[in-house]
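>>> Sequence and predicted structure are below.
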There are 2 protein chains.
Amino acid sequence: MNEPSERPDIMALILAEAEAAGAAGEVPVAAAVTDQEGAVIAMAQNRMKRDSNALRHAELVALETAMVVRGAERLDGCDLWVTLEPCTMCAGAIAHARIRRLYFAARDIKAGAVESGVRFFDSAACHHRPEIYGGLSETRAAALLRDFFAARR
Amino acid sequence: MNEPSERPDIMALILAEAEAAGAAGEVPVAAAVTDQEGAVIAMAQNRMKRDSNALRHAELVALETAMVVRGAERLDGCDLWVTLEPCTMCAGAIAHARIRRLYFAARDIKAGAVESGVRFFDSAACHHRPEIYGGLSETRAAALLRDFFAARR
């Protein structure tokens, strides 16, 4: 098991992945799943354009990859890291996967479902609530998204 | 284009699929996507157990299959049929896919997100609201689920 000081900065890793997604024409978002020991077991970029599939958000791709890696239906004890606040679909998926801790960077007032929108994890309908850590590396993550959309305008 | 009277009963078709899912040890739920002409372009059973993946709800599998069939990122003009009221994850996916009409059978007071829970399509955060037709073949769909869970107790 790594000591905290030896651990890679997961958010920095996925911000670089998000940047690569943006260079590939995708909205620049990426996600990773770490196991109980803090090891990265899945990392994914947003793939909506490349896969012609509006459901291929980075979170869903990372969660499904981690399920394959673990050979398990759920991801009890694992954590999800993502550069943008998850949407309603992804928040529901995070609860189904039984993610232990959710770390996210930029807040998403428009489509987010954690601190915005339906605030799924705070709703009575939510059957599993992860620990939530929002706003990590928020400045860099928000700038990445802002620059991407500014360049498209 | 088929006249309504010539169309297959989609809900009856997917109720048979849901029954097959139950026989395979899955919670008995199935879904289908029909195109603008009413033709079935994707049909899927709940596959959580068989795929070891808590996100493999029938709706998600059917939507993703339909995207492959159409070679399109979204399913504008298509309808989704499902034997159980969609959960939060699937409701979010339905909005992302831009489904035109949602037809569902049994209501799900515990995990549903259409008429129950976060009522996603009625929330201000929802960017696309399909026309919604709930309660079709509800008696048969609800009995299927009730019998499945009674047999496991």
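Alright, I've got the coordinates. Numbering: from 1, shown residues only, chains lettered A, B, ... in the order given.
>>> What are the boundaries of the strands in chain A?
Counting by DSSP state E, chain A has strands at residues A:30-34, A:40-45, A:79-84, A:101-106, A:131-134.
>>> I'd like to know which of those strands is closest to A:Ala24.
Comparison of the strands of chain A against A:Ala24 by C-beta to C-beta identifies strand A:40-45 as nearest, at 7.5 Å. (Each C-beta comes from the backbone N, C-alpha and C, glycine too.)
>>> for that closest one, the distance to its chain's centre please.
9 Å (C-alpha atoms, centre = their mean, to the nearest Å).
>>> A:Leu136 - how many residues pack around it?
Residues near A:Leu136, counting by other C-beta atoms under 10 Å in any protein chain shown, number 19.
>>> Pretty sure it sits against A:Phe104.
Yes. Counting by C-beta atoms under 8 Å, A:Leu136 touches A:Phe104, with 7.1 Å between them.
>>> And A:Ser137, how close does it get to A:Leu13?
11 Å (C-beta to C-beta, to the nearest Å).
>>> When these two are compared, which one has more neighbours?
For A:Ser137 versus A:Leu13, the count of surrounding residues by other C-beta under 10 Å is larger for A:Ser137: 18 against 15.
>>> and stretch A:142-153, which residues are buried?
Using 16 or more other C-beta atoms under 10 Å in any protein chain shown as the test for burial, stretch A:142-153 gives A:142, A:144-145, A:148.
>>> Equivalent analysis for stretch A:37-54, please.
Quick answer for stretch A:37-54 (16+ other C-beta under 10 Å): A:40-48, A:51, A:53-54.
>>> cool, stretch A:112-128 as well?
Within stretch A:112-128, the residues that qualify as buried are A:112-115, A:117-121, A:123, A:125-126, counting by 16+ other C-beta under 10 Å.
>>> ditto for stretch A:95-115
Buried-residue list, stretch A:95-115, by 16+ other C-beta under 10 Å: A:95-100, A:102-108, A:111-115.
>>> how long is it end to end?
One end of stretch A:95-115 sits 15 Å from the other (C-alpha to C-alpha, to the nearest Å).
>>> quick one: that stretch near chain B?
Yes. Applying C-beta under 8 Å from any C-beta of the partner chain, one finds stretch A:95-115 touching chain B at A:95-98, A:110-111, A:113.
>>> Pick the one among those residues closest to A:Ala66.
Nearest member of those to A:Ala66, counting by C-beta to C-beta, is A:Ala97, at 7.9 Å.
>>> correct me, but the closest one touches B:Leu55?
Yes. Contact criterion C-beta under 8 Å: A:Ala97 and B:Leu55 qualify, at 7.0 Å.
>>> any shared contact partners between the two?
Shared contacts of A:Ala97 and B:Leu55 (C-beta atoms under 8 Å, 6 or more residues apart in numbering or on different chains): A:63, A:67.
>>> Could you report the neighbour count for A:Ala141?
If we define neighbours as other C-beta under 10 Å, then A:Ala141 has 26 of them.
>>> Contact partners for the closest residue to it other than its chain neighbours?
In this structure, A:Ala141 finds its nearest non-sequential neighbour in A:Ala105, 3.4 Å apart by C-beta to C-beta, 6 or more residues apart in numbering or on different chains. Going by C-beta under 8 Å, 6+ apart, A:Ala105 touches A:11, A:15, A:82-84, A:135-138, A:140-142.
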